[in-house]
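S.K.: Quick one, structure for this:
(one chain, ligands or ions: 1)
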Amino acid sequence: MAYAAFRSIGAYIPPKIMTNFDFEKIIDTTDEWITKRTGIKERRISEENEASSDLGAKAAQQAIERSGLAKEDIDLVICATVTPDYLCMPSTACLIASKINLPPVQAFDVSAACTGFVYAVSVAKAFIESGMKKNVLIVGAETYSSILDYTDRGTCFIFGDGAGAAIISASENKDEAIVDVNCSSDGNYDDLIKTPGGGSKHPCSQEVLDNKMACIKMKGNETFKLAVRTLTADVKVMMEKHNLTNKDINHFIPHQANMRIIKSVGDALGFNEEQTVVTIDKYGNTSAASIPMAMNYAYEQGKIKAGDSILFDAFGGGLTWGSALFPFAPLK
Ligand SMILES: CC(C)(COP(=O)(O)OP(=O)(O)OC[C@H]1O[C@@H](n2cnc3c(N)ncnc32)[C@H](O)[C@@H]1OP(=O)(O)O)[C@@H](O)C(=O)NCCC(=O)NCCS
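M.R.: Residues are numbered from 1 along each chain as shown. Predicted structure coming up:
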């Protein structure tokens, strides 16, 4: 049986910065309030002519270069996004594949909101272990600025734009194998984070436009409580299943939703500051791009080395949640 190895990480961080002080000019808020409630100081915003595939293609390019593989070796592209370039088709993965000049290749999107990248890891792992594919490019790419209502003071300051990508490859070495990925969902909580209009339930209409129903609507307070509970429980199950303690993990990379959520979950699980990767202050919540952007940040800081054990923990709209446990296994 082939094992699935996590070979490389890359990201694209849009250069344009929107600070909390910029929000003070457009909604009734303060830098102090946002910082205290979320830990966010600033977030990145894509250019007007940039869509998720543009951000994703740049992250993908970097992940491929760092993997040491040739583009021709990639036999599957998966893009996790809930801000696709187009509502229905083509998929953002198709566009990314063509923008980085891949030869014709299987490509599709996964939709699991902020858990999307972990879902993509699970799909890549399954394709590789089944023997169907050998080198999978996974991308998390989001332009949340395109679905934010910048008059909604309870939501708009949380999210940002960006992309991250990784290569997952077949390996014969069990020590390189992704140990486990556990993903789940509960659609009973669909109302907590939602874009209610523009899909088949409420197709685009004047009402959808007037009420900004294609923008994200979030019940922040309820989401907060569920996020802490779910993220903590999810990791506990994963650690117990593999007989691990927090000391066995080099890098805990949680979804970057809110510093208070990260701190509560980290404290409950016993991860210290050194182990926990935090980028929420710089990038805000970039949904499916949040975990790979955070991993890339730690990688570029020189903190992630070959063989280090990494634990992803994500939570998002759906509701969806998931965790992934793996060693970093670069080829070079
Ligand atoms: C959004 C969030 C920061 C709001 O913080 P909160 O403590 O729950 O705030 P509440 O909604 O209870 O509102 C508290 C007060 O702040 C006010 N408020 C809301 N938004 C504000 C803003 N941007 N600036 C200043 N005050 C604000 C409210 O009006 C309310 O005032 P009141 O007490 O006078 O009625 C917080 O709920 C959160 O981070 N939730 C999780 C969101 C998330 O992570 N989503 C993605 C999951 S993948």
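S.K.: ok, so what distance separates Thr38 from Thr151?
M.R.: 19 Å (CB to CB, to the nearest Å). In this view, the C-beta of every residue, glycine as well, is placed from N, C-alpha and C.
S.K.: Those two: who's more crowded?
M.R.: Set Thr38 next to Thr151 and count neighbours by other CB atoms under 10 Å: Thr38 wins out with 22 against 11.
S.K.: Quick one: classify the most centrally placed residue in the chain as helix, strand or coil.
M.R.: The chain has Ala288 as the residue nearest its centroid, 2.6 Å off, counting by CA atoms, centre = their mean. On the three-state scheme (DSSP: H, G, I helix; E, B strand; the rest coil), Ala288 is labelled helix.
S.K.: Now do the contacts for it.
M.R.: Contact partners of Ala288, counting by CB atoms under 8 Å, 6 or more residues apart in numbering, are 80-82, 112-117, 120, 140-142, 316.
S.K.: Counting neighbours, which of those residues comes out on top?
M.R.: Ala141 leads the contacts of Ala288 on contacts (other CB under 10 Å) with 39 neighbours.
S.K.: beta partners for it?
M.R.: Ala163 (DSSP bridges).
S.K.: Would you map the helices across the protein?
M.R.: 20-24, 31-38, 52-67, 92-99, 116-129, 206-210, 220-241, 259-269, 280-283, 290-300 (DSSP state H).
S.K.: and the ligand, which of these is closest to it?
M.R.: helix 220-241 (2.9 Å; CB to the nearest ligand atom).
S.K.: So is that closest one next to the ligand?
M.R.: Yes: using CB under 6 Å from any ligand atom, helix 220-241 comes into contact with the ligand via Gly220, Asn221, Thr223, Phe224, Ala227.
S.K.: Please list the residues of the stretch 101-250 of the chain that sit near the ligand.
M.R.: So the stretch 101-250 of the chain meets the ligand at Cys114, Arg153, Gly154, Phe157, Ile158, Met218, Gly220, Asn221, Thr223, Phe224, Ala227 (CB under 6 Å from any ligand atom).
S.K.: The last one contacts Ile261, correct?
M.R.: Spelled out, that is Ala227. Yes: counting by CB atoms under 8 Å, Ala227 does reach Ile261; the two are 5.1 Å apart.
S.K.: For the residue lying closest to Ser171 once chain neighbours are set aside, give the beta-bridge partners.
M.R.: Spatial nearest neighbour of Ser171, excluding adjacent residues (CB to CB, 6 or more residues apart in numbering): Ala5 at 4.0 Å. Counting by DSSP bridges, Ala5 forms beta bridges with Ser169, Ala177.
S.K.: Now neighbour count too, for the residues of helix 220-241 next to the ligand, in CSV please.
M.R.: Formatted as CSV, the residues of helix 220-241 next to the ligand follow (neighbours: other CB atoms under 10 Å):
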residue, neighbour count
Gly220, 14
Asn221, 10
Thr223, 20
Phe224, 18
Ala227, 26
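S.K.: returning to that earlier point: closest one to Ser184 out of the contacts of Ala288, please.
M.R.: Thr115 (8.9 Å; CB to CB).
S.K.: How confident was the prediction at the closest one?
M.R.: pLDDT recorded at Thr115 is 98.
S.K.: Next: Met1.
M.R.: So Met1 comes in at 82 (pLDDT).
S.K.: Tell me if I'm right that it and Glu129 touch.
M.R.: Yes: contact criterion CB under 8 Å: Met1 and Glu129 qualify, at 6.3 Å.
S.K.: for stretch 309-329, how far is the first residue from the last?
M.R.: Criterion CA to CA, to the nearest Å; first-to-last residue distance in stretch 309-329 is 10 Å.
S.K.: Mean confidence (pLDDT) on that stretch, please.
M.R.: Here the average pLDDT along stretch 309-329 is 97.
S.K.: Show me which residues of that stretch are buried.
M.R.: Judged by neighbour count (16 or more other CB atoms under 10 Å), stretch 309-329 contains these buried residues: 310-329.
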